[in-house]
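K.L.:
Here is my input, please return the structure:
(chains A and B)
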Amino acid sequence: DGGITQSPKYLFRKEGQNVTLSCEQNLNHDAMYWYRQDPGQGLRLIYYSQIVNDFQKGDIAEGYSVSREKKESFPLTVTSAQKNPTAFYLCASRGTGFSEQYFGPGTRLTVT
Amino acid sequence: KQEVTQIPAALSVPEGENLVLNCSFTDSAIYNLQWFRQDPGKGLTSLLLIQSSQREQTSGRLNASLDKSSGRSTLYIAASQPGDSATYLCAVRTPYSGAGSYQLTFGKGTKLSVIP
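P.N.:
Residues are numbered from 1 along each chain as shown, chains lettered A, B, ... in the order given. Presented below is the predicted three-dimensional model:
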């Protein structure tokens, strides 16, 4: 089955710890994205990557970092510098041109 | 900066009713518009993609229209079912949204409840 996988589904961390969220796609898409979703707010773009070994900051990149070493993978690290890390994180990918964007199932991160 | 608005924020209808969800955007210079469905605690599922040159797209009981000049799109759901209950989001792709070039700008969604 083609699609986007995110792991884990739920993640719990103590304040001050860095945590890495996984995102893998087998759709052969060049572009990949990370969004954050909070109750009552729209999706906000954290980082995106149009091609391997390249990525750009979105609206709310502070406190986050990414890498894109392989076409299939775009992991997101939530660092201790992120002030309000508890949220639902969504990974997405898109093929060439102005094609459809697809989303993974999400990871819910809770930091206490 | 592109802004996307979805009104109402929530909608409750009896099963079998036809309904329309609304989406408006402030900048008509869009490449395309995409409608998504989100179930509680889940990711987004793409429903329909309308390119800027198109006026509508259909998939099963769903029909989405686009009026770029007026900055509006509607999602029509025919013969609604309880399984249609979810949050519906629209998003537009624009040359520059603030977050970067060619990115999607999302509305906050309309939460639909279809009552049996």
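K.L.:
C-alpha only now, for contacts and for neighbours.
P.N.:
Fine.
K.L.:
what ranges do the strands span in chain B?
P.N.:
B:4-5, B:10-14, B:19-25, B:32-38, B:44-51, B:56-59, B:62-67, B:72-77, B:86-93, B:104-106, B:110-115 (DSSP state E).
K.L.:
so what secondary structure elements neighbour the shortest one?
P.N.:
Looking back up the chat, that one is strand B:4-5. The contact analysis (3 or more Cα pairs under 8 Å, 6 or more residues apart in numbering or on different chains; DSSP states H and E) places strand B:4-5 against strand B:19-25, strand B:86-93.
K.L.:
Same question for the third one.
P.N.:
In terms of contacts (3+ Cα pairs under 8 Å, 6+ apart), strand B:19-25 is packed against strand B:4-5, strand B:72-77.
K.L.:
Measure how the last one sits relative to strand B:62-67, angle-wise.
P.N.:
Think strand B:72-77. Orientation of strand B:72-77 against strand B:62-67 (axes from the mean of the first three to the mean of the last three Cα atoms, to 10 degrees) gives an angle of 170 degrees.
K.L.:
thinking again about what came up before, output the helices and strands packed on strand B:19-25 as a markdown table; include the columns mean pLDDT and mean neighbour count.
P.N.:
Formatted as a markdown table, the helices and strands packed on strand B:19-25 follow (pLDDT from 0 to 100; neighbours: other Cα atoms under 10 Å in any protein chain shown):
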| stretch | mean pLDDT | mean neighbour count |
| --- | --- | --- |
| strand B:4-5 | 96 | 20 |
| strand B:72-77 | 98 | 21 |
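K.L.:
Excluding residues flanking it in the chain, which one is nearest the residue nearest the centre of chain A?
P.N.:
Nearest to the mean C-alpha position of chain A, by Cα atoms, centre = their mean, lies A:Trp34 at 3.0 Å. Computed as Cα to Cα, 6 or more residues apart in numbering or on different chains, the closest residue to A:Trp34 that is not its neighbour in sequence is A:Cys91, at 4.6 Å.
K.L.:
Looks like that neighbour contacts A:Tyr33 (just checking).
P.N.:
Yes: at 5.6 Å, A:Cys91 counts as touching A:Tyr33 under the criterion of Cα atoms under 8 Å.
K.L.:
So between those two, which is more surrounded?
P.N.:
Between A:Cys91 and A:Tyr33, A:Cys91 has the larger neighbour count (other Cα atoms under 10 Å in any protein chain shown), namely 32 against 26.
K.L.:
Please identify the helix or strand for the more buried one.
P.N.:
Using DSSP states H and E, A:Cys91 falls within strand A:87-94.
K.L.:
Give me the contacts around that strand.
P.N.:
Strand A:87-94 is contacted from outside by A:4, A:6, A:23, A:25, A:29-38, A:100-110, B:43, using Cα atoms under 8 Å, 6 or more residues apart in numbering or on different chains.
K.L.:
Pull the residues that contact stretch A:6-26.
P.N.:
So stretch A:6-26 is in contact with A:2-5, A:72-81, A:91, A:93, A:104-112, going by Cα under 8 Å, 6+ apart.
K.L.:
On the pLDDT front, check B:Asp84 for me.
P.N.:
At B:Asp84, the model reports a pLDDT of 98.
K.L.:
Can you tell me how far the residue lying closest to it once chain neighbours are set aside is from chain A?
P.N.:
Nearest residue to B:Asp84, sequence neighbours excluded (Cα to Cα, 6+ apart): B:Val114, at 6.7 Å. B:Val114 sits 21 Å away from chain A, going by Cα to the nearest Cα, to the nearest Å.
K.L.:
picking that back up, filter the contacts of strand A:87-94 down to the buried ones.
P.N.:
A:4, A:6, A:23, A:25, A:29, A:31-37, A:100-110, B:43 (16 or more other Cα atoms under 10 Å in any protein chain shown).
K.L.:
Kind regards, and thank you for your time.
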